[in-house]
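# sequence and computational prediction follow.
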Amino acid sequence: MQQLDVHTDLTVVGGGLAGVCAAIAAARQGRTVALVQNRPVLGGNSSSEVRVWVCGATAHGVQHFARETGIMGELFVENQYRNPQGNPYYWDLVVLEAVRAEPNIQLWLNTDVRTVDAADGEIRSVTGWQMGAEKEITFHSPAYADCSGDGLIGFLAGAEFRTGREPRSAYDESWAPEVPDDNTLGSTILFYTKDAGEPVRFVPPSFARDITQTSIPERRIIRTDAYGCAYWWIEWGGSLDVVDDNEAIRDELQAAVYGIWDHIKNSGRFDADHLTLEWIGAVPGKREYRRFVGDHVLTQHDVLEQRLFDDRVAFGGWSIDLHPPGGMYATERGSKHWHPDGNYHIPLRSLYSRNVRNLWMAGRNISASHVAFGTTRVMATCAVLGEAVGVAASVALGNDLTPRALAVEHFDLVRNALHRADASVLGVTDTDPANLALSATAEASSTLRRLAVEVSDGSLALDADLAMVLPVDPSLDGLEFLVDAAEATTLTVELHDPLKPQNYLPLALLSSASVEVPAGEKRWVSVPLSWHPSVPSNAVVVLKANPAVAVHTAASALPGTLCFSHRDPEPDEQYTEQFRSWKHILPRAGLCYRAGESNAYSASKVIGGYSRPYGGPNLWSSEDLAWDPTPTITLTWPSPVEVTEVVVVLDDDVEEDLINLHHHRTPYEILPTLLRDYSLEYRTPDGTWHPLTTTLSNRRRLNHHPLPAPTSLSALRLTATATNGTPRAHVNSIRAY
């Protein structure tokens with residue numbers, strides 16, 4: 001038996017998306033990292049071994065402009081290009097290659113960490129066994145990140161943790177039980193099917209569960225066209241110990257899968273003669289186990305109130321999604337959901353142990369109550385928590401700070417590093433003193449000024465209330481809509497404030513107006529509504545239902561605009577708080593309207609500010625390329641600055657809901673809003689322009705452009721020569737370091 005010692009700056013235990021993103025983030029900060037994974041593939045529950053969809057803040061389209069940026073965003077966008085069909089093995093490759101691209105990462109697959117050397121509230125080393133290689137490996141680091149899901153490392157180190165459900169009295173959470181218990185969310189095994197093109201027999205194994213003797217056929221949805229995570233409800237073990245009873249849980253889940261397949265193939269209720277079972281999981285996908293206690297425990301109130309933490313390092317948006325302990329055998333629904341009004345924030349103080357001073361945690365084991373865990377547990381959110389931990393751990397190491405000291409006394413260091421990494425953080429402006437662009441001014445060859453879409457692509461009957469989200473910067477002074485009216489009538493329009501910059505719902509009525517509409521087609525109707533918010537904001541305009549009116553729709557929409565339709569809950573809706581009445585319609589399109597002049601797309605948006613939608617789109621947009629075919633944007637400094645790197649952040653349309661596997665198919669392999677081809681030039685103090693780089697066939701959001709050597713320059717110019725489909729050039733941010 002070989003015994004090895006590995007010394008790095010950071011040891012990350014767990015190769016799910018939280019661990020992968022933590023390792024990549026730390027490596028990009030210049031730290032050496034050991035990424036230790038006890039499986040042969042990376043990706044955790046998203047890998048080809050388990051095959052769970054990577055869900056996150058978009059909540060399958062419930063939340064808006066919510067897709068993650070940073071490393072998770074890179075994985076989504078790259079997978080969309082390489083793997084639009086959602087092949088789970090291609091997804092494995094996307095994740096693996098992202099790790100292997102970082103020379104600072106040592107990857108240790110098939111390595112199960114089993115022992116921890118810890119004393120006096122500090123981890124000294126962790127030791128694992130590499131299966132197949134018969135090696136015992138001890139990992140030494142000044143800092144450790146437990147991204148193992150089950151939290152074994154923190155447990156062995158003596159970190160304070162909780163399992164099960166806290167009582168309602170602990171945090172006054174309405175969805176917590178009155179009496180605490182050990183129940184958790186259960187585990188799941190999935191299966192894939194395919195059409196064999198000929199009749200295929202299925203002989204069930206002797207241990208297959210007879211599901212007709214359970215509540216499954218009556219209480220769960222079984223379809224022949226469903227496979228994989230569409231059967232997320234095949235869940236069991238919530239009333240057991242999901243670790244101690246893992247083997248029994250796996251056996252029961254596989255028995256249920258074979259029983260469900262027997263029911264599909266042999267009950268005579270389904271047209272399934274040509275279907276065959278292509279794959280069944282052997283590794284239970286766990287949802288919940290230990291949750292460590294940090295300096296802040298995230299609660300239901302933090303999520304639903306969207307509490308604005310000073311030390312926010314990530315955001316989520318998935319509903320509080322809780323399942324019955326009985327899982328697939330429960331007679332109640334398989335899940336209940338409570339959506340916040342928009343994305344919520346997660347603080348750094350929830351990502352480190354409060355009693356083991358060099359232990360960070362990311363993933364489903366962070367410091368959260370059971371109820372709040374119901375939303376933070378989804379994998380894209382776990383991934384952004386991983387990136388936050390990788391960045392924070394690196395900053396703490398570089399400044400000789402404990403996690404607590406970093407979060408409480410020196411958080412600006414983390415904030416600047418996360419912003420520079422384009423990580424998934426909401427409501428944080430770029431105040432990084434290292435970004436020399438903050439002292440520059442921006443001018444563009446053209447800018448989209450007129451907030452209007454006037455070419456009709458059809459019409460939509462106003463049978464239900466319609467809502468439209470518009471950026472207001474600096475003010476809204478009247479609206480026009482293109483409508484048809486079957487008869488003379490009155491149209492009522494309301495103006496609402498969504499209350500928070502990341503919300504896109506009509507939450508507070510500001511004013512309303514009723515206007516007369518004469519009978520006829522394609523008439524522009526003026527609505528006298530106005531709003532002058534103190535800062536750039538989103539407005540939600542609601543057109544009240546009127547069956548005599550149809551509004552004209554457009555084939556495209558301007559950045560930052562959305563269109564919704566209202567519908568009421570079904571009569572049997574059990575959890576009315578989980579129901580989102582406003583449903584997004586006309587994706588990638590919108591209404592025909594005129595809203596006057598706007599600064600929402602001005603050149604100044606590329607300097608500082610927010611680098612993603614937040615109270616507006618926060619990007620520069622040129623005029624139509626037909627009018628300005630090679631638009632330019634120029635940053636000019638009042639006096640020369642010395643620059644070593646230019647960073648360009650492009651618009652990858654975070655409204656587009658990407659996913660790694662088969663939940664839905666996005667029509668674009670490369671997001672149309674991204675610049676495809678552009679060039680960068682810089683001007684030296686003598687007034688001479690020099691080429692820096694020409695980028696062709698770009699499909700990425702974050703682009704780094706180093707200069708050959710530190711260079712004194714007085715201006716920087718980006719020239720867009722092609723997009724990936726959108727009719728205008730978009731740039732989120734230009735930075736210089």
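That came through, no problem.

# helices and strands around the helix or strand of the chain with the lowest mean pLDDT, which ones?
Using mean pLDDT, DSSP states H and E, the weakest-scoring helix or strand in the chain turns out to be strand 582-584, at a mean of 88. Under the contact criterion of 3 or more C-beta pairs under 8 Å, 6 or more residues apart in numbering; DSSP states H and E, strand 582-584 touches strand 562-566. Every residue, glycine included, has its C-beta placed from N, CA and C.

# neighbouring strands - and their directions - for the strand it packs on?
strand 466-472 (antiparallel), strand 582-584 (antiparallel) (DSSP bridges).

# contact partners of the next helix or strand after the least confident helix or strand of the chain?
Counting by DSSP states H and E, the element after strand 582-584 in chain order, helix or strand, is strand 590-591. Contact with strand 590-591 is made by 453, 460, 466, 468, 481-482, 551-554, 556-558, 561-563, as judged by C-beta atoms under 8 Å, 6 or more residues apart in numbering.

# just the closest of those residues to Arg683, please.
Leu558 (32.0 Å; C-beta to C-beta).

# ok so, going back, looking at the strands paired with strand 562-566, which is buried most?
Comparing the strands paired with strand 562-566 by mean neighbour count (mean count of other C-beta atoms under 10 Å), strand 466-472 ranks first with a mean of 24.

# circling back: just the buried members of the contacts of strand 590-591?
Neighbour-count burial (16 or more other C-beta atoms under 10 Å) applied to the contacts of strand 590-591 gives 453, 460, 466, 468, 481-482, 551-554, 557-558, 561-563.

# next one: phi and psi at the closest residue to Val52 other than its chain neighbours?
Nearest residue to Val52, sequence neighbours excluded (C-beta to C-beta, 6 or more residues apart in numbering): Asn45, at 4.3 Å. For Asn45, the backbone dihedrals (degrees, to the nearest 10) come out as phi -70, psi -20.

# in contact with Asn45, which residues?
Asn45 neighbours (C-beta under 8 Å, 6+ apart): Gly16, Val52, Gly285, Lys286, Met379.

# which of those residues lies closest to Glu68?
For the contacts of Asn45, the nearest to Glu68 is Met379 (10.4 Å; C-beta to C-beta).

# could I get the pLDDT score of the closest one?
Note on Met379: pLDDT of 98.

# name all residues that make contact with it.
Gly16, Leu17, Ala18, Gly44, Asn45, Ser46, Val52, Val54, Cys55, Gly56.

# quick check: it vs Val95, distance?
Distance of Met379 to Val95, given as C-beta to C-beta, to the nearest Å: 11 Å.

# who touches both of the two?
Joint contacts of Met379 and Val95 (C-beta under 8 Å, 6+ apart) are Leu17, Ser46.

# returning to that earlier point: output the strands paired with strand 562-566 as CSV; include the columns distance to Gly398.
Putting these into CSV (distance: least, C-beta to C-beta, whole Å) gives the following:
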stretch, distance to Gly398
strand 466-472, 38
strand 582-584, 43
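
# and these, which one's lowest on average pLDDT?
strand 582-584 (a mean of 88).

# so how far is it off the chain centroid?
19 Å (C-alpha atoms, centre = their mean, to the nearest Å).

# so what touches that strand?
Counting by C-beta under 8 Å, 6+ apart, Gly61, His64, Ala467, Leu505, Pro506, Leu562, Cys563, Phe564, Ser565, His566, Arg567 sit against strand 582-584.

# thought Leu466 was touching the last one, still the case?
I take that to be Arg567. No. Counting by C-beta atoms under 8 Å, Arg567 does not reach Leu466; the two are 11.3 Å apart.

# tally of neighbours for the residue lying closest to Arg219 once chain neighbours are set aside?
Leaving aside its chain neighbours, Arg219 sits nearest to Thr331 (6.1 Å; criterion: C-beta to C-beta, 6+ apart). With neighbours defined by other C-beta atoms under 10 Å, the count for Thr331 comes to 10.

# surely Thr331 touches Ile216?
No. Assessed by C-beta under 8 Å, Thr331 is found out of contact with Ile216, at 10.4 Å.

# would you map the helices across the stretch 201-350 of the chain?
Secondary structure of the stretch 201-350 of the chain, counting by DSSP state H, counting those that start in this stretch: helices at 216-219, 246-266, 300-304.

# ranking those helices by burial, who's on top?
Note that of the helices of the stretch 201-350 of the chain, helix 300-304 is the most buried (mean count of other C-beta under 10 Å), with a mean of 22.

# packing partners for that helix?
Against helix 300-304 (3+ C-beta pairs under 8 Å, 6+ apart) you get strand 320-322, strand 344-347, helix 370-376.

# give me that answer again for 10 Å
helix 168-171, strand 320-322, strand 336-338, strand 344-347, helix 370-376 (3 or more C-beta pairs under 10 Å, 6 or more residues apart in numbering; DSSP states H and E).

# wait, which of these is closest to Glu387?
Judging the helices and strands packed on helix 300-304 by C-beta to C-beta, what sits closest to Glu387 is strand 344-347, at 11.7 Å.

# which strands and helices lie in contact with the closest one?
Using 3+ C-beta pairs under 10 Å, 6+ apart, strand 344-347 sits against helix 300-304, strand 312-316, helix 370-376, helix 379-398.

# now tabulate those in a markdown table and tack on distance to Arg349.
Below are these laid out as a markdown table (distance: least, C-beta to C-beta, whole Å):
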| stretch | distance to Arg349 |
| --- | --- |
| helix 300-304 | 11 |
| strand 312-316 | 9 |
| helix 370-376 | 14 |
| helix 379-398 | 11 |
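
# which stretch among the ones you listed comes nearest Gly154?
Judging the helices and strands packed on strand 344-347 by C-beta to C-beta, what sits closest to Gly154 is helix 379-398, at 12.7 Å.

# what is the burial count for Glu516?
So Glu516, with other C-beta under 10 Å, has 10 neighbours.

# which ones are touching it?
Ala485, Ala488, Thr489, Thr490, Leu491, Val525 (C-beta atoms under 10 Å, 6 or more residues apart in numbering).

# okay, now the unreliable bits of the stretch 501-650 of the chain?
Within the stretch 501-650 of the chain, the set of residues satisfying pLDDT under 70 comprises 571-579.

# now do the helices in it.
Under DSSP H, counting those that start in this stretch, the stretch 501-650 of the chain gives no helices.

# show me where it has its strands.
508-517, 520-531, 537-543, 549-554, 562-566, 582-584, 590-591, 593-597, 620-621, 632-649 (DSSP state E, counting those that start in this stretch).

# mind putting those strands in a markdown table, distance to Pro205 included?
Formatted as a markdown table, the strands of the stretch 501-650 of the chain follow (distance: least, C-beta to C-beta, whole Å):
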| stretch | distance to Pro205 |
| --- | --- |
| strand 508-517 | 58 |
| strand 520-531 | 65 |
| strand 537-543 | 55 |
| strand 549-554 | 53 |
| strand 562-566 | 48 |
| strand 582-584 | 43 |
| strand 590-591 | 53 |
| strand 593-597 | 61 |
| strand 620-621 | 59 |
| strand 632-649 | 53 |
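
# so where's this structure uncertain?
For the chain (pLDDT under 70), the answer is 571-579.

# per-domain residue ranges of it.
Domain ranges of the chain: 2-165+293-420, 187-280, 436-446+601-736, 450-597, per automatic domain parsing.

# turn those into JSON lines, including distance to Trp175.
Formatted as JSON lines, the domains of the chain follow (distance: least, C-beta to C-beta, whole Å):
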{"stretch": "domain 2-165+293-420", "distance to Trp175": "5"}
{"stretch": "domain 187-280", "distance to Trp175": "15"}
{"stretch": "domain 436-446+601-736", "distance to Trp175": "25"}
{"stretch": "domain 450-597", "distance to Trp175": "9"}
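
# which of those domains is buried the deepest?
Greatest burial across the domains of the chain, using mean count of other C-beta under 10 Å, falls to domain 2-165+293-420, with a mean of 22.
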